[in-house]
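[1] Pasting a predicted model and its sequence here:
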Amino acid sequence: MAASAAQVCLELRQNKKFFGDRTILRGISFCLEVGEILGLIGPNGAGKTTLFNIISGWQKPAAGSVIFLGQETNTWPPERLSRAGLARTFQSPQIFPEMCALENVLMGAWLRQEHPPLPEAQEEAAYCLSLVGLMDKGQTPVRELPLPQQRLVELARALATRPRLLLLDEIAAGFSQAALNRLAAGLLKLRDQGLTLLLTDHLFTLLEAVTDRVLALDHGEIIAQGPPADLIRHPEVISAYLGTRYCSNANNGGA
Amino acid sequence: MGKINSSQLAAAAGVLLLAVWPLIFRNQVQFHQVLGMTCLYAILALAWNIYALSGAISLGHTAFFGLGAYASALLNHHYHWSPLCTMPLGALAAVVFAVFWSLGFRRLRGVYLGLASLAAVEIPKTIVDNWDQLTYGSMGIVGLDRLPTLTIGGVEMDFGLNVTAQYYLLLGIMLLALLLHWKCIRSRWGWTLRVIRENETAAAALGIDSNRERAKALMLSSYLAGIAGALYAHIMGLVEPALVFNLHLSVLPLVFSIFGGSTMVFGPVLGALILYPLEQLFLMPLFPMGHSALYGLVIILTIFFFPKGIAAWLPAPPKSV
């Protein structure tokens, strides 16, 4: 947390969330610096999506605060956060089903608050679609695309809004290794252009390839954090993912 | 100037036909009257559809129609203002109701919004029905000033009593409403409404406030429906709660829009132009007993085979986006 205020993109302080009697988040705090790629891992039910929803305004924290680009955004609705520069994708892709892939992306470019002229937005949409490698699918109705490609369209649309922070919720689910490699290269390129990224995925290969740091979440709290190569050997992380039986194997170098 | 495409050509031909046919069939006054009312209901259908573009299905647009009719009638009856003044002012009553509607129903979607809108009609209807000193209750108000006579380009147009002149007035207003509807679909805002209609979650992720945009659409829609109601009041020369707050007037624009194609620029107008004359001029005289059943059958078959509406048959305009 040594980053100065000007470099901090997102900060969470003691975020808590309850659903009825169940505690979903038990005081999550972390800081995300501008230009950093932070990964978030954890088994199902660890609270990853809830945390994403809180950061992007879809849910309100029961306690604690979310600070995005220096402003407390706890009570902001998602559309306000989006206008402030926070874009996200969803676990089940949220697309405009009656539009083609290019139109989907165009909506991100054309309807953003700066209201760019249509030709400029069209050019940008085509560029964003080419970034995710789907230029040849531009005119395909998006509902006819397989799920992984719908996720890429959603990613391209999020990029077309020119975000400062991008949240990717299990974007690589169902990707082939080749597609995964392309995605990883693309994300690193985006980071080099100044984008800050927070992503969650079950595929550690993606996180290992792109993230600077990974937070491991279990039962609503951060159990470990560090570079991905270290975290994969962390006994608590292995235990949370695979159970204690595998933990001892891992310690013996057998995971 | 861009090149004229087949869609624009078809639209121009349609407008020309609508403008010229009464000059050819000068003595068919009944046709003039029916087509005049068709234009009025087409205005209501366009109004309904502007709200529907945001994905909202209203079953309560008769509230806006009735409020426009009553507000204009009351201003005319109590203050003796000209209909030219009371109609645009009276339609604002519909917008005021739309503000409360937007606030009250902001969390409702789909069938729940439809049901709430159906029930919402009872509020203005009950007030009008019971506020005897102001509205004369269920008796209604008769003897309203008719639309004035105006001289346009050296031709005297008696909009008050001449049904042919009324037809041209209603056609003109319908074309203006159509122009507004066209702007609503083809503008950046039109695409904003479309993304809300297709996926509100994704729309919010793009920074769009669905409630605010939908409320804007309703303001516009309610004003246009209010204008239609006010026109109706002064063409008929009377208003009655049962006449202007009538479920039939809520269903009619929905049927016209969906039959014609609710996502198409010409959809609501085409729906009105086909269905209303079909019923009034053919089915009713030819099948006095079973015309409603046949009317229903035509609608069901069309929607079954052409779910996107009649307008989907028209030559498609070049993609603007």
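    That came through, no problem. From a predicted model like this one, the values you see are computed outputs, not experimental measurements.

[2] Report how many residues lie close to residue B:209.
    Neighbours of residue B:209 under the rule other Cβ atoms under 10 Å in any protein chain shown: 19. Every C-beta, even on glycine, is put in place using the N, C-alpha and C of the backbone.

[3] Likewise for residue A:163?
    Neighbours of residue A:163 using other Cβ under 10 Å come to 21.

[4] where does chain B come near chain A, residue by residue?
    B:188, B:191-192, B:194-195, B:198-199, B:201-210, B:321 (Cβ under 8 Å from any Cβ of the partner chain).

[5] rerun at 7 Å
    B:188, B:191-192, B:195, B:198-199, B:201-202, B:204-209, B:321 (Cβ under 7 Å from any Cβ of the partner chain).

[6] pretty sure residue B:4 belongs to a helix, no?
    No: counting by DSSP: H, G, I helix; E, B strand; the rest coil, residue B:4 falls outside a helix, being coil.

[7] tell me the pLDDT at it?
    We have a pLDDT of 72 for residue B:4.

[8] The one 3 residues further on too?
    Model confidence at residue B:7, given as pLDDT, is 77.

[9] Nearest residue to the middle of chain B?
    By Cα atoms, centre = their mean, chain B has its centre lying nearest to residue B:44, at 0.7 Å.

[10] show me the contacts for that one.
    For residue B:44, the contacting residues are B:61, B:65, B:225, B:228, B:252, B:253, by Cβ atoms under 7 Å, 6 or more residues apart in numbering or on different chains.

[11] Please repeat the previous calculation with a cut-off of 6 Å.
    B:225, B:228, B:253 (Cβ atoms under 6 Å, 6 or more residues apart in numbering or on different chains).

[12] which SS class is the second one?
    Here residue B:228 is helix, with the state taken from three-state DSSP.

[13] Return the distance of it relative to chain A.
    The gap separating residue B:228 from chain A is 29 Å, by Cβ to the nearest Cβ, to the nearest Å.

[14] same check, this time on residue B:276
    29 Å.

[15] got it, and residue B:25?
    Counting by Cβ to the nearest Cβ, the gap from residue B:25 to chain A is 41 Å.

[16] Name the nearest residue to that residue, ignoring sequence neighbours.
    residue B:31 (6.1 Å; Cβ to Cβ, 6 or more residues apart in numbering or on different chains).

[17] how many neighbours does that neighbour have?
    Counted with other Cβ under 10 Å, residue B:31 comes out at 18.

[18] Tell me the confidence at it?
    On the pLDDT scale, residue B:31 gets 94.

[19] tell me which element it falls in.
    Using DSSP states H and E, residue B:31 sits within helix B:29-52.

[20] repeat for residue B:151
    strand B:149-152.

[21] and that strand, which strands flank it?
    strand B:155-158 (antiparallel) (DSSP bridges).

[22] buried ones in the strand it pairs with?
    By 16 or more other Cβ atoms under 10 Å in any protein chain shown, the buried positions in strand B:155-158 come out as residue B:157.

[23] ok, now stretch B:28-46?
    So, applying 16+ other Cβ under 10 Å, buried residues of stretch B:28-46: B:31-46.

[24] Report the closest residue of the stretch 51-200 of chain B relative to chain A.
    residue B:198 (4.2 Å; Cβ to the nearest Cβ).

[25] Enumerate every residue touching the nearest residue to that residue once chain neighbours are set aside.
    Spatial nearest neighbour of residue B:198, chain neighbours left out: residue A:96 (4.2 Å); criterion: Cβ to Cβ, 6+ apart. Applying Cβ under 6 Å, 6+ apart, we find residue A:96 in contact with A:104, B:195, B:198, B:199.
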